[in-house]
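>>> Just a sequence and a predicted model for now, questions to come.
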Amino acid sequence: MKEIAVIGFGVVGGGVVSLIDENASYIREAVGEDVSVKYILDLRDFPDSPYADRVVHDAEVIFSDPAVSLVVETMGGVHPALEFSSKALACGKHVVTSNKELVAKHGAELMALAKEHGAAYLYEASVGGGIPLIRSMRTSLAGDRIDCVNGILNGTTNYILTRMRDGGISFEEALAEAQELGYAEKNPAADIHGLDAQRKIMILCAVATGYIVDESNVYTETMSKITVADIEAARRLGGAVRLIGSFRREEKGVAISVCPRIVPAGNPLSDINDVYNGMSVASRLTGDVLYYGRGAGRYPTAGAVISDVISALNGSYQRESNRTWEIAPADFVCDFAESRSRVYIRVSDAPRGEILDSASLLLGDLEVPAGTPEGKTEFVTGMLPEKQIAEAIRSLPGTVESVLRFLA
Ligand code: HSE
């Protein structure tokens with residue numbers, strides 16, 4: 001019998017505990033013996049839960065019990081998840097997590113600690129919920145070199161953007177709807193300002209390259225400034241606005257960013273709607289591979305956690321490509337200002353001829369779409385350095401209402 005503990009009895013932790021019960025026979029088959037949850041650590045009591053007798057409030061009970069071979073950390077946040085995970089690994093217990101913030105910020109040290117103590121630190125559920133992405137990148141693509149990942153990594157914001165397009169409603173209305181449906185948190189800041197997607201693209205970049213970058217090196221833009229006018233413009237240009245987490249190996253290093261982009265029709269990411277996630281992973285030998293599915297939610301995420309529990313307990317993690325991460329050196333990420341983008345720009349409060357003359361001088365050849373609303377001027381640039389685009393925006397006459405990058 002393998003005994004485990006679950007730290008954090010919330011949406012995902014609760015799903016893990018109940019799935020371990022419901023799927024006991026196939027988990028036994030996969031692990032080779034029964035798996036049972038011995039302790040659940042939470043600040044709260046759950047008197048009405050069938051698992052009430054397993055709830056403890058002192059983490060030491062778990063660390064000091066040699067019968068516990070694995071800890072599932074589903075509490076989220078950095079503290080005290082970091083201290084609990086470190087202590088469990090130092091005691092030689094495997095740790096399985098869904099906590100993307102912790103993996104992005106401290107994954108490298110936790111993996112090193114796991115290796116030192118002959119344990120596993122596994123994190124399949126930290127990106128893309130139930131989508132089997134990380135193990136697939138680490139194992140099935142291990143013989144290839146992953147050069148680029150573009151992903152819709154946040155379900156809440158994808159729901160908001162889909163509703164703004166299909167329902168013609170504002171960002172605020174779509175956010176309220178997402179909150180009512182339980183998709184968005186009461187405080188949705190990490191979702192809408194791109195921090196959730198930032199952590200996820202940092203993790204995917206590290207899985208692909210072995211280097212974890214600092215969050216300050218990920219160019220990150222909020223999607224809360226997207227308007228229905230932007231969504232309409234994208235539609236007229238033959239695309240859809242999506243919040244894209246992206247990393248790409250370039251000549252001078254890795255370009256890594258999270259920002260709203262116009263995804264051209266024909267790119268499968270433009271058709272990923274509602275709370276779904278999608279990731280396009282491009283590798284040298286295979287070309288594009290697309291992953292799609294439920295990127296959040298109790299059971300999809302709990303299922304991903306359980307796949308890691310099985311891998312840690314039956315030892316298969318040792319046979320997988322299980323390299324640890326290094327902290328990325330200073331020159332690993334290229335300067336965002338030096339990277340190149342093709343952008344859509346909308347300007348008001350100045351005569352159209354004056355805006356276009358000035359834009360052509362500053363930005364070269366422009367594409368001017370049909371159907372521009374009265375009183376606005378719109379254009380699309382060629383591929384240009386970010387620095388040049390930023391300087392032009394400061395110099396254009398009128399008011400720049402919107403600047404949206406295309407997904408290349
Ligand atoms: N808030 C996240 C999302 C949950 O909306 O995608 C899953 O990480």
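Looks like it came in fine. Numbering: from 1, shown residues only.

>>> got the contact list for Leu384?
The contact partners of Leu384, taken as CB atoms under 8 Å, 6 or more residues apart in numbering, are Arg340, Ser341, Arg342, Val343, Leu363, Gly364. Just so you know, the C-beta spots here come from the backbone N, C-alpha and C atoms, and that holds for glycine as well.

>>> cool, Ala52 as well?
Going by CB under 8 Å, 6+ apart, the list of residues near Ala52 reads Asp45, Phe46.

>>> For it, give its distance to Ala24.
Noted for Ala52: a distance of 19 Å to Ala24, by CB to CB, to the nearest Å.

>>> which residues in the stretch 101-250 of the chain form strands?
Assigned by DSSP state E, counting those that start in this stretch, the strands in the stretch 101-250 of the chain fall at 121-122, 146-152, 211-212, 219-220, 239-250.

>>> give the contact list for whichever residue of the stretch 1-150 of the chain sits closest to the ligand.
Closest residue of the stretch 1-150 of the chain to the ligand, CB to the nearest ligand atom: Gly129 (5.9 Å). Residues counted as contacts of Gly129 (CB under 8 Å, 6+ apart) are Gly155, Asn277, Gly293, Arg294, Gly295, Ala296, Gly297, Pro300, Thr301, Ala304.

>>> So which bits of stretch 190-204 are buried?
For stretch 190-204, burial by neighbour count (16 or more other CB atoms under 10 Å) applies to 190-204.

>>> Pick the one among these closest to Lys100.
Among these, Arg199 lies closest to Lys100 (CB to CB), at 4.4 Å.

>>> Quick check: that closest one touching Lys100?
Yes: Arg199 lies in contact with Lys100 (CB atoms under 8 Å); the separation is 4.4 Å.

>>> what does the stretch 151-300 of the chain put close to the ligand?
Counting by CB under 6 Å from any ligand atom, the stretch 151-300 of the chain comes close to the ligand at Asn154, Gly155, Thr156, Asp191, Asp196, Gly295, Ala296.

>>> Tell me the spacing between the fifth one and Ala208.
Read it as Asp196. From Asp196 to Ala208 the distance is 19 Å (CB to CB).

>>> how about low-confidence regions in the stretch 1-150 of the chain?
Applying pLDDT under 70 to the stretch 1-150 of the chain flags no residue at all.

>>> Helices of that one, residue ranges please.
11-22, 24-31, 59-63, 81-90, 100-116, 134-135 (DSSP state H, counting those that start in this stretch).

>>> Closest to Val228 out of the contacts of Leu384?
Nearest to Val228 among those, with distances taken as CB to CB, is Val343, at 19.4 Å.

>>> Next up, the contacts around that closest one.
Per CB under 8 Å, 6+ apart, neighbours of Val343: Val380, Thr381, Leu384, Ile389, Val403, Leu404, Arg405, Phe406.

>>> Please report how far it lies from the ligand.
In this view, Val343 and the ligand are 26 Å apart by CB to the nearest ligand atom, to the nearest Å.

>>> rewinding a little: who touches both of Arg199 and Lys100?
Ser126.

>>> OK, contacts around Glu221?
Gly194, Ser257, Val258, Cys259, Pro260.

>>> what about 7 Å?
Gly194, Val258, Cys259, Pro260 (CB atoms under 7 Å, 6 or more residues apart in numbering).

>>> Quick check: pLDDT value at Ala184.
pLDDT recorded at Ala184 is 76.

>>> coming back round to it: can you lay out the contacts of Val343 as JSON lines showing distance to the ligand?
Listed next are these as JSON lines, based on distance: CB to the nearest ligand atom, whole Å:
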{"residue": "Val380", "distance to the ligand": "30"}
{"residue": "Thr381", "distance to the ligand": "31"}
{"residue": "Leu384", "distance to the ligand": "32"}
{"residue": "Ile389", "distance to the ligand": "29"}
{"residue": "Val403", "distance to the ligand": "25"}
{"residue": "Leu404", "distance to the ligand": "21"}
{"residue": "Arg405", "distance to the ligand": "21"}
{"residue": "Phe406", "distance to the ligand": "23"}
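
>>> Inside helices: which ones of these?
Ile389 (DSSP state H).

>>> Give the full set of residues in contact with Val37.
Ile4, Val6, Val17, Ile20, Arg54.

>>> Whichever of these end up buried, select them in PyMOL.
Buried members of the contacts of Val37 can be picked out in PyMOL with the line below, counting by 16+ other CB under 10 Å:
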select buried, resi 4+6+17+20+54
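
>>> Among the contacts of Val37, which one lies nearest to Ala120?
Ile4 (12.5 Å).

>>> For that closest one, which residues count as its bridge partners?
Here Ile4 sits in beta bridges with Val37, Leu70, going by DSSP bridges.

>>> so it touches Glu73, yeah?
No: assessed by CB atoms under 7 Å, Ile4 is found out of contact with Glu73, at 11.2 Å.

>>> circling back to that earlier point, can you tell me which two in the contacts of Val343 are farthest apart?
So, the contacts of Val343 by CB to CB: farthest apart are Leu384 and Leu404, at 14.1 Å.
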